[in-house]
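# build me a model:
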Amino acid sequence: MSNPVIGVLALQGDVREHLVALAVADATARPVRRPEELAEVDGLVIPGGESTTMSKLAVLFGMQEPLRERIKDGMRSTARAPD
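As a prediction, the model looks like this:
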């Protein structure tokens, strides 16, 4: 079984810092800006930020509904085949 891929929601700041911290912990991590990138991760880190701005950016980038669906589904990966 391969390591899970952890996404970092890249709509606001501190993305690089979170990616570095995940790499130090030997996690496979990548930034997530689009719904198709969200579909490729097993888990998601949502960096802190101003909630109104994050909400507006999620709508602007078409991420609000895909995020809601992935959370509702327990963040099960939809793009990767099981190992």
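
# for the protein, what spans make up the helices?
Applying DSSP state H to the chain gives helices spanning 15-24, 35-38, 51-60, 64-72.

# quick one: list the elements packing against the second one.
Spelled out, it's helix 35-38. Helix 35-38 sits against strand 28-32, helix 64-72, with contacts defined as 3 or more C-beta pairs under 8 Å, 6 or more residues apart in numbering; DSSP states H and E. Where you see a C-beta, it was placed from the backbone N, CA and C, and this is true even at glycine.

# ranking those by burial, who's on top?
strand 28-32 (a mean of 18; mean count of other C-beta atoms under 10 Å).

# burial of Leu9, as a residue count?
Per other C-beta atoms under 10 Å, the neighbour tally for Leu9 reads 24.

# and Glu36, by the same measure?
Other residues lying near Glu36 total 11 when counted by other C-beta under 10 Å.

# returning to what we had before: rank the helices and strands packed on helix 35-38 by pLDDT, which is bottom?
Set side by side, the helices and strands packed on helix 35-38 give their lowest mean pLDDT on helix 64-72, at a mean of 90.

# just give me how far that helix sits from the chain centre.
Relative to the centre of its chain, helix 64-72 is centred 11 Å away, using C-alpha atoms, centre = their mean, to the nearest Å.

# just the angle between it and helix 51-60, please?
Relative orientation of helix 64-72 versus helix 51-60 (axes from the mean of the first three to the mean of the last three C-alpha atoms, to 10 degrees): 100 degrees.

# would TSV of the helices of the chain with distance to Ser2 be doable?
Supplementary listing: the helices of the chain in TSV, determined by distance: least, C-beta to C-beta, whole Å:
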stretch	distance to Ser2
helix 15-24	15
helix 35-38	18
helix 51-60	28
helix 64-72	19
